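1. Here you go, sequence then predicted model.
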Amino acid sequence: MEERLFKQTDERDATATAALLRSLADDLESGTGLDALAGADTDVGVPTEMTVDIEVDHDTETDERELEVELLWDPADERETAVTETAGTDDPSATDSADTTADPTNASADATPASQATFEVFRDKADEWRWRLRHRNGNIVADSGEGYARRKDAMNGLESVQRNALGAEVEIEE
């Protein structure tokens, strides 16, 4: 007996379809979870190994063709998610509710204080990947400024900011 965990049917042009397939490929490669299935009622983990079944059928009565790609795996082979991300929407209410306030009484002098903000990676209304840095009060303090076709590219931009902004100088133009 099968239990359906997720189903989505919609009309897309070739570009939007390719973006969805790239996103699924990025999800499989990154091991962070199948974010392309945003809206699924259940978490679908990324398998380490799977059986790939590809079929192309031609319905001679309707003259339609169908490409079917099926991935089969044992849920026991799913990797644990490596990165927490906000998936699926650019809705500003989609925030991490965890309190990330640093506890000054617990901080050592050489320890990095807990962040007051969270990086979020999400798809915008144009189905492009973006990142933003949201303060725990809900304000967006930085964002990618552009959309990316691949989540991996958005993550690269985010990681570049994390690496390079720490020692950045401040220039004030008057």
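-> Looks like it arrived, so ask away.

2. can you dump the C-alpha coordinates of the top helix by length along the chain into PDB?
-> Of all segments of type helix in the chain, defined using DSSP state H, the longest is helix 14-30. Output in PDB follows, covering the C-alpha atoms of helix 14-30 (Å, rounded to 0.1, in the frame of the first residue of the first chain):
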ATOM      1  CA  ALA A  14      10.500  25.000 -20.400                       C
ATOM      2  CA  THR A  15      12.600  27.600 -18.400                       C
ATOM      3  CA  ALA A  16      10.500  27.200 -15.200                       C
ATOM      4  CA  THR A  17      10.600  23.400 -15.600                       C
ATOM      5  CA  ALA A  18      14.300  23.400 -16.000                       C
ATOM      6  CA  ALA A  19      14.600  25.600 -12.800                       C
ATOM      7  CA  LEU A  20      12.600  23.100 -10.800                       C
ATOM      8  CA  LEU A  21      14.700  20.200 -12.100                       C
ATOM      9  CA  ARG A  22      17.900  22.100 -11.300                       C
ATOM     10  CA  SER A  23      16.600  22.800  -7.800                       C
ATOM     11  CA  LEU A  24      15.800  19.100  -7.300                       C
ATOM     12  CA  ALA A  25      19.400  18.300  -8.500                       C
ATOM     13  CA  ASP A  26      20.800  20.900  -6.200                       C
ATOM     14  CA  ASP A  27      18.800  19.400  -3.300                       C
ATOM     15  CA  LEU A  28      20.100  15.900  -4.000                       C
ATOM     16  CA  GLU A  29      23.700  17.100  -4.300                       C
ATOM     17  CA  SER A  30      23.700  19.300  -1.200                       C
END
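
3. Give me the sheet partners of the helix or strand just after it and which way each runs.
-> Sequence-wise, the next helix or strand beyond helix 14-30 is strand 46-47, with elements assigned using DSSP states H and E. When pairing is defined by DSSP bridges, strand 46-47 lines up against strand 78-79 (antiparallel).

4. thinking in terms of the whole chain, how far from its middle is the very next helix or strand once past the partner strand?
-> Once strand 78-79 ends, the next helix or strand along the chain (criterion: DSSP H and E) is strand 117-123. Taking C-alpha atoms, centre = their mean, to the nearest Å, the mean C-alpha location of strand 117-123 is offset from the chain mean by 9 Å.

5. okay, the angle between strand 117-123 and helix 14-30?
-> Here the directions of strand 117-123 and helix 14-30 differ by 130 degrees (axes from the mean of the first three to the mean of the last three C-alpha atoms, to 10 degrees).
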